[in-house]
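>>> Any chance you can model this:
(one chain, ligands or ions: 1)
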Amino acid sequence: MADPQAKARGPPEPRAEALVEPVRVNGSAAEATLSSAELAWRTTGAGRDSGGRRKLELESDVLGFQVEGRALKLVTFTRGDVTGAGRPPSPVGCGGGAEDRKRGEVAVEMESEEAAERWGHAIRDRFASLGRPKRLFFIVNPYGGKRGGRKIFQTEVLPLIEAAGIHYTMQETNYRLHAQEIAGSLDLRKYDGIICVSGDGILVEVVNGLLQRDDWDKAIKVPLGIIPAGTGNGMVQGLLHSAGEPFSMSNAVFAIIRGHRRALDVTSVVQGKTRFFSVMMLTWGLVADIDIESEKFRWMGSARIDFYSLLRAVNLRRYNGRILFVPAPGYEGFGDPVEQTISCKSNGAANAAEGDITDVCNNETCTYSGPSTDDADLEWRSLKGPFVNVWISNIAFASEGVMIAPQALCRWLLGRSYNQGLPMVCCSRTLASDEGW
Ligand SMILES: Nc1ncnc2c1ncn2[C@@H]1O[C@H](COP(=O)(O)OP(=O)(O)OP(=O)(O)O)[C@@H](O)[C@H]1O
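Modelled structure (predicted):
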């Protein structure tokens, strides 16, 4: 989940005492230990696996659990078999590869109901300390990608969410900007996060809806998540990549269940009299044209982008314009110096170098008015077109298969002309007018 607030997990919890009990695991007698990090057991009876130690990492192997009388039933989600019911278990310490996770169950029968309750409490506390959500609000776009959002929610998301014991509310979007309206009026006190089952567009609508609220400063701290059901899905790919997880639907859902978070910058964009907020990328020229003009091929799913890119690549257009930017350290040599003072302060847009100053923020609809920056000492530079493509990216991936800015938190990718290649320019945070929460 992308959480604009979370910069770090905070200081580690004090270590709780490990619980040790004689139990039966999947019917076999064993001695089990529950620490704050793992549930481990060693079978004690006679048998093929007697004495073998197995373990489940609570953070990364367990979807959820239930206490039923003396039984503690854990739903596992692991790479490889740790239950002992199927293939021989992996020895302790051997992690799984990139294979997909599979669901399993480990039934731990305790000696008393009190013991089962005690262990249940300990696991619940551990999940809470990890920031696992308990109540989520899902926004499902039935129209995004190949129009599979509803099915993805029912078949891929719900089974895992229910196994994790998470309460949820789901609302489908009925029209363009509906997600923005929903986020603008949702009672956020009821939820630990808003999850979009959609393409990247709905996530951006949600961010805009949150920032248009009167309580935007609290609203924007609500964790947001995304399940890939769109055309590009670059945000999910970027988030999973940064967590070291391969791209898959189940990994995206599990990352949300585990409470994985990272902060995300928000870019404030002013165009004429309109202000909006972006968390992913801004494009002008080739990529924007491909995105917009390929709409008529939406039935192709992700392939529409590849197909239309080819069509446009053989017929490149050029765009005249000038880009003003503040280079990041080490990139000061890019572009040409700008003489005029450019203000990027408070409410307004980055004003044109020629000096047009327009206050474009409409306070009725734009409660968050963008970051305030003191740009008095900033050394602005400029690049003059014509451009084939201008691509400003806040994330590493444009889509599942397209890594455009490997180290992106903020990168500028500028295609000045077809023959000059694509120089990459690292911009300063203030250039993108962003603010990290
Ligand atoms: N019921 C609906 N009917 C038509 N459009 C809708 C509906 N619900 C949402 N939308 C619009 O669908 C667009 C695409 O949404 P989404 O980002 O989920 O999918 P996508 O296929 O990845 O599209 P894109 O590549 O344009 O981001 C958004 O602009 C959204 O406002």
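
>>> what's the domain layout of this protein?
Domain assignment for the chain by automatic domain parsing gives 19-85+102-129, 135-262, 281-435.

>>> would you turn those domains into JSON lines with distance to the ligand, mean pLDDT and mean neighbour count?
C-betas here are computed from N, CA, C, even on glycine. Formatted as JSON lines, the domains of the chain follow (distance: least, Cβ to the nearest ligand atom, whole Å; pLDDT from 0 to 100; neighbours: other Cβ atoms under 10 Å):
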{"stretch": "domain 19-85+102-129", "distance to the ligand": "26", "mean pLDDT": "90", "mean neighbour count": "17"}
{"stretch": "domain 135-262", "distance to the ligand": "2", "mean pLDDT": "94", "mean neighbour count": "20"}
{"stretch": "domain 281-435", "distance to the ligand": "6", "mean pLDDT": "67", "mean neighbour count": "16"}
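
>>> Let me know which of those is the nearest to residue 274.
domain 281-435 (7.4 Å; Cβ to Cβ).

>>> one step back: figure out which of the domains of the chain is closest to residue 271.
domain 281-435 (8.0 Å).

>>> and the next element down the chain from the helix or strand containing residue 287?
Assessed by DSSP states H and E, residue 287 sits inside helix 286-293. Later in the chain than helix 286-293, the nearest helix or strand by DSSP H and E is helix 303-313.

>>> Given the helix or strand following that next one, what are its sheet partners and their directions?
The C-terminal neighbour of helix 303-313 among helices and strands, as given by DSSP H and E, is strand 322-325. Strand pairing for strand 322-325, using DSSP bridges, gives strand 381-384 (antiparallel).

>>> and the gap between residue 63 and residue 329?
Distance of residue 63 to residue 329, computed by Cβ to Cβ, to the nearest Å: 44 Å.

>>> for residue 394, same thing?
In terms of Cβ to Cβ, residue 394 sits 19 Å off from residue 329.

>>> what do you get for residue 168?
45 Å.

>>> Do me a favour and get the end-to-end distance for stretch 298-318?
25 Å (Cα to Cα, to the nearest Å).

>>> Give me the contacts around it.
Where contact means Cβ atoms under 8 Å, 6 or more residues apart in numbering, the residues beyond stretch 298-318 that reach it are 145-146, 231-233, 285-286, 289-291, 293-294, 297, 385-388, 399-400, 417-418.

>>> for stretch 111-120, same thing?
19, 21-23, 34, 65, 67-72, 108, 110.

>>> Please, where are all the helices along the protein?
58-61, 113-129, 149-152, 158-163, 178-185, 200-211, 216-219, 234-242, 249-257, 286-293, 303-313 (DSSP state H).

>>> Mind putting these into CSV with distance to residue 277?
As requested, the helices of the chain are exported to CSV (distance: least, Cβ to Cβ, whole Å):
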stretch, distance to residue 277
helix 58-61, 32
helix 113-129, 31
helix 149-152, 23
helix 158-163, 28
helix 178-185, 10
helix 200-211, 5
helix 216-219, 10
helix 234-242, 14
helix 249-257, 22
helix 286-293, 17
helix 303-313, 23
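
>>> which stretch among the ones you listed comes nearest residue 268?
helix 200-211 (8.9 Å).

>>> Which other helices and strands does that closest one contact?
When contacts are defined as 3 or more Cβ pairs under 8 Å, 6 or more residues apart in numbering; DSSP states H and E, helix 200-211 sits against helix 178-185, strand 193-198, helix 216-219, strand 224-228, helix 234-242, strand 274-278.

>>> that older thread, could you check the angle the helix holding residue 287 makes with helix 200-211?
90 degrees (axes from the mean of the first three to the mean of the last three Cα atoms, to 10 degrees).

>>> Now do helix 286-293: which elements does it pack against?
Helix 286-293 packs on helix 303-313, strand 389-393, going by 3+ Cβ pairs under 8 Å, 6+ apart.

>>> give me that answer again for 10 Å
strand 281-285, helix 303-313, strand 389-393, strand 411-415 (3 or more Cβ pairs under 10 Å, 6 or more residues apart in numbering; DSSP states H and E).

>>> how about those in JSON lines, adding distance to residue 42?
What follows is those, written out as JSON lines (distance: least, Cβ to Cβ, whole Å):
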{"stretch": "strand 281-285", "distance to residue 42": "51"}
{"stretch": "helix 303-313", "distance to residue 42": "51"}
{"stretch": "strand 389-393", "distance to residue 42": "50"}
{"stretch": "strand 411-415", "distance to residue 42": "50"}
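
>>> Quick one, which of these gets closest to residue 76.
helix 303-313 (35.6 Å).

>>> what is the nearest residue to residue 227 once chain neighbours are set aside paired to in the beta sheet?
Distances taken as Cβ to Cβ, 6 or more residues apart in numbering put residue 197 closest to residue 227, at 4.5 Å, once the chain neighbours are dropped. Beta-bridge partners recorded for residue 197 (DSSP bridges): residue 140, residue 227.

>>> Now for residue 197: which residues touch it?
138-142, 144, 148-154, 156-157, 170, 172-173, 225-230, 249, 252-253 (Cβ atoms under 10 Å, 6 or more residues apart in numbering).

>>> same question, residue 189
218, 222.

>>> Any figure for the gap between it and residue 368?
Distance from residue 189 to residue 368, by Cβ to Cβ: 20 Å.

>>> and what of residue 273?
Relative to residue 368, and taking Cβ to Cβ, residue 273 is found at 16 Å.

>>> Check residue 121 too.
In terms of Cβ to Cβ, residue 121 sits 41 Å off from residue 368.

>>> With residue 213 instead?
Distance of residue 213 to residue 368, computed by Cβ to Cβ: 8 Å.

>>> likewise residue 176?
Computed as Cβ to Cβ, the residue 176 to residue 368 distance reads 22 Å.

>>> Also residue 311?
On the measure of Cβ to Cβ, residue 311 and residue 368 end up 38 Å apart.

>>> repeat for residue 286
Relative to residue 368, and taking Cβ to Cβ, residue 286 is found at 31 Å.

>>> Repeat that for residue 259.
Taking Cβ to Cβ, one finds residue 259 at 26 Å from residue 368.

>>> Then residue 140?
Using Cβ to Cβ, one gets 26 Å for the distance from residue 140 to residue 368.

>>> ditto for residue 148
33 Å.

>>> how long is stretch 164-181 from one end to the other?
End-to-end distance (Cα to Cα), stretch 164-181: 29 Å.
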